[in-house]
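Chemist: attaching a predicted model along with its sequence, questions to come.
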Amino acid sequence: MNKKKIIVLLVLVFAAGYSGKPLYAEDPPMVSPRKVSEQDCTRPLNDDGGNLLCHQVTEAERRARIAEEERQARARKEAQERAARERLERERAAQLAREEAARKARAAEEQRLAALAALKAQQERERQAKLQAELLARQRAEREAREAAERECRRLAQEQADGRALLVKFVDNYGKVEENKGIAGQITTFLGKAPKVKSCPPA
């Protein structure tokens, strides 16, 4: 093919394209095994690899499509808001669970401290009661010992008084007897001395 024929062919091709007429008598048939992608040709096309079939969208279909898109947008927004609410509820529930666990831990610690304080108070009361009992027992023992000493002191004093009374009675009754005059004189000398009286505490 020479250059003139190529130029003539290009002129015919451009002329056909410029006139808006197809180069073929009719559109080529679609390849049947390929899927058909029916799209609104007034909008940007989505080339998904199938046969493109332009669909002239009516006003009613356009309004329905806009309404559907708005419905889907509202549904997505509601889903996002619902997910946000559910997330907040889960976080709030988790926070409440943590606060409840902390409250129970504080209550358990306070109960433990209260039980420990009660135990210490009981032990202190028992210790004080034991000290008081020991003090009372010691005081009772001291009092009993003091009373026993006082009784013994009075008993000895009474024996001393009774003995001097017997000696006086002996001198008075038997001192004039000749054989008793010697001992009677000694008894009288003894009785003339001041007795060694040990003072006893009052009863």
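Modeler: Sure thing, it's come through.

Chemist: quick check, residue 176 in a strand?
Modeler: No - going by DSSP: H, G, I helix; E, B strand; the rest coil, the assignment for residue 176 is coil, not a strand.

Chemist: what about it, distance to residue 185?
Modeler: 12 Å (CB to CB, to the nearest Å). C-betas here are computed from N, CA, C, even on glycine.

Chemist: all strands for the chain, in order.
Modeler: Secondary structure of the chain (DSSP state E): strands at 36-40, 51-55.

Chemist: just the helices in this structure please.
Modeler: In order along the chain, the chain carries the following helices (DSSP state H): 3-19, 59-174, 181-192.

Chemist: which of the ones you listed sits closest to residue 199?
Modeler: helix 59-174 (8.3 Å; CB to CB).

Chemist: what is the closest one packed up against?
Modeler: Judged by 3 or more CB pairs under 8 Å, 6 or more residues apart in numbering; DSSP states H and E, helix 59-174 is in contact with helix 181-192.

Chemist: list of residues touching the helix it packs on?
Modeler: Outside helix 181-192, the residues that touch it by CB atoms under 8 Å, 6 or more residues apart in numbering are 164, 167, 168, 170, 171, 174, 175, 176.

Chemist: just the angle between it and helix 59-174, please?
Modeler: Using axes from the mean of the first three to the mean of the last three CA atoms, to 10 degrees, the inter-axis angle of helix 181-192 relative to helix 59-174 is 140 degrees.

Chemist: in helix 181-192, what counts as buried?
Modeler: Within helix 181-192, the residues that qualify as buried are 184, 187, counting by 16 or more other CB atoms under 10 Å.

Chemist: got the CA coordinates for that helix in PDB?
Modeler: Presented in PDB, the C-alpha positions along helix 181-192 are these (Å, rounded to 0.1, in the frame of the first residue of the first chain):
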ATOM      1  CA  LYS A 181       7.400 -15.300 199.100                       C
ATOM      2  CA  GLY A 182      10.600 -15.500 197.200                       C
ATOM      3  CA  ILE A 183       8.900 -16.100 193.800                       C
ATOM      4  CA  ALA A 184       6.200 -13.700 194.700                       C
ATOM      5  CA  GLY A 185       8.800 -11.000 195.200                       C
ATOM      6  CA  GLN A 186      10.300 -11.700 191.900                       C
ATOM      7  CA  ILE A 187       6.900 -11.600 190.200                       C
ATOM      8  CA  THR A 188       6.100  -8.300 192.000                       C
ATOM      9  CA  THR A 189       9.400  -6.900 190.700                       C
ATOM     10  CA  PHE A 190       8.500  -8.100 187.200                       C
ATOM     11  CA  LEU A 191       5.100  -6.700 187.300                       C
ATOM     12  CA  GLY A 192       6.500  -3.400 188.500                       C
END
